[in-house]
Every structure is written in C-alpha cells, then in structure tokens.
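Peer 1: A predicted structure for the sequence below; I have some questions about it.
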Amino acid sequence: MSKLFNADQQETVVELMNIGVGKAALALSRLVQDEVLLSVPKVDFVDMQIAESTFNKLLPIALAGVTQAFDGFINGKAALIFPEERSLELVRILVGHELSASEISELEQDTLAELGNILLNSCLATLANILHREIHTALPEAYSGNCQKMLQILCDQEDSLIMLVQIDFSLRQRALQGYLAFIIDLHSAEGFYDALDEYLQNLLGQ
C-alpha cells in the first residue's frame, strides 16, 4: 500500500503531521498549564492486514482511545490509540492530581475524548489548511477493547487506506507512545495524492 506514495509525498505527510501535533501540543500545554511535547517520528501507509499485524505486535490486547469520523477532500475515520494501561496513566498525568483508580477510571473517557478531539482535529485541520482543501469532523467517541474490536470500529469497509502515525508524548517527565490512525476511503484517496502533488509543485514553483 505504501508504494502508492512516493518518497516526497510521504515526507510531506510526516512534516504536516508534525505541524499538526505541534499545534495540538500548544493547546494541551495551555490546558494542563505545563509543557507538552508531541512529535511524529514515523508515518506508514498500510492495508488492513498489515495494520492488524502491526497492532498485534506493538500493542497489548487491551486498547483505549478515541475515534472521529471526517469527510471532505478525504473521507474516513481517525483514531487516537493507546494501550489501555497507558491511557489511565495519561489521564492521571493530564488531570495532575493524585486520584484513586476508580476516579481515574471515571475520568478516562471524557479526558481521552478531549485529548483525541484536540489531536485529531489539529492534524486534520492542518492537512486541509496547508493543502488548501476542506474537511469536516464529527464529534469524537471514546472506546476501549481489543485490537480486533478497534479495527472493526474503524474499518467498516475493505477498500481503505490506513495512515498509521506513531506519536511520542512527553509531559511532566513522563514519556508515552501511542498511535494516530487515519482510515481513508480509497475512493477519496486519489484526492489526497492530487493535493500532495499540487502542494509539492507549488513549493518548487512549477
């Protein structure tokens, strides 16, 4: 699947994702009143089979996160994905209080939904703005479950291109790693290629 993107296109997507998470980091820093560092070291374009294999290898059985539908120049669903035990740790860090396990659990879905809303919207808006396209997002929905359940929620059709974005998260001397997944309907993926090519041509003055 990654062969559909040339090296310049893939490098551009990494740059745009880093801009998007950089803006999200500023918003989160204001929210928690402490410095939040986010970076995207890697972006892969994969099909469903490779995505499932990747999650099974890198993530434990229990996952938690947020999903969000989007449409516009590309259509699909986006997700913020963490190992469930890490998501509880992340909630504790973001809330910044010594709370009981039950209190953390009660706050988990709302906190993850807010985090996902900031991160996913920032990345999608950055893509649309810099590529001079339009995109619209639905309200985020928190979820938890195993890898298969997560993929079923995200991929309701086989004809999808999955953009798997590794994200490194640093806050209050703690480092966490998660993923952003953008499941793009293949029928709209051509518009993504065209937008990237147009952006690159404008950069080169062609």
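Peer 2: Cool, got the structure.
Peer 1: For N129, I want the exact helix or strand it lies within.
Peer 2: helix 101-130 (DSSP states H and E).
Peer 1: Check the offset of that helix from the chain's centre.
Peer 2: Distance of helix 101-130 from its chain centroid, counting by C-alpha atoms, centre = their mean, to the nearest Å, is 9 Å.
Peer 1: List the buried residues for it?
Peer 2: 104, 107-109, 111-124, 126-128 (16 or more other C-beta atoms under 10 Å). For the C-beta atoms, the positions are set from N, CA and C on the backbone; glycine is no exception.
Peer 1: now the helices for the chain?
Peer 2: Using DSSP state H, the helices of the chain run over residues 7-32, 48-58, 84-95, 101-130, 147-154, 186-203.
Peer 1: which stretch among the ones you listed comes nearest H136?
Peer 2: Of all the helices of the chain, helix 101-130 sits nearest to H136, with 9.1 Å by C-beta to C-beta.
Peer 1: can you state the direction angle for that closest one and helix 7-32?
Peer 2: On the basis of axes from the mean of the first three to the mean of the last three C-alpha atoms, to 10 degrees, helix 101-130 is oriented at 130 degrees to helix 7-32.
Peer 1: Show me what helix 101-130 is packed against.
Peer 2: For helix 101-130, the elements it packs on are helix 7-32, strand 63-72, strand 76-83, helix 84-95, strand 135-137, strand 141-145, strand 174-185, judged by 3 or more C-beta pairs under 8 Å, 6 or more residues apart in numbering; DSSP states H and E.
Peer 1: most neighbours per residue, which of the ones you listed?
Peer 2: With neighbours defined as mean count of other C-beta atoms under 10 Å, the helices and strands packed on helix 101-130 peak in mean count at strand 76-83, which reaches a mean of 24.
Peer 1: where in this structure is pLDDT low?
Peer 2: Scanning the chain with the threshold set as pLDDT under 70 gives 1-4, 58-61, 96-105, 155-158, 172, 206.
Peer 1: again, 50 this time
Peer 2: Residue ranges of the chain with pLDDT under 50: 1-3.
Peer 1: Could I get the contacting residues of the residue nearest the centre of it?
Peer 2: In the chain, the residue lying closest to the centroid (C-alpha atoms, centre = their mean) is L180, at 2.4 Å. Residues in contact with L180, defined by C-beta atoms under 8 Å, 6 or more residues apart in numbering, are 17, 78-81, 119-120, 123, 164-165, 167.
Peer 1: For S188, which residues are in contact?
Peer 2: Contact analysis of S188 by C-beta under 8 Å, 6+ apart lists 73-76.
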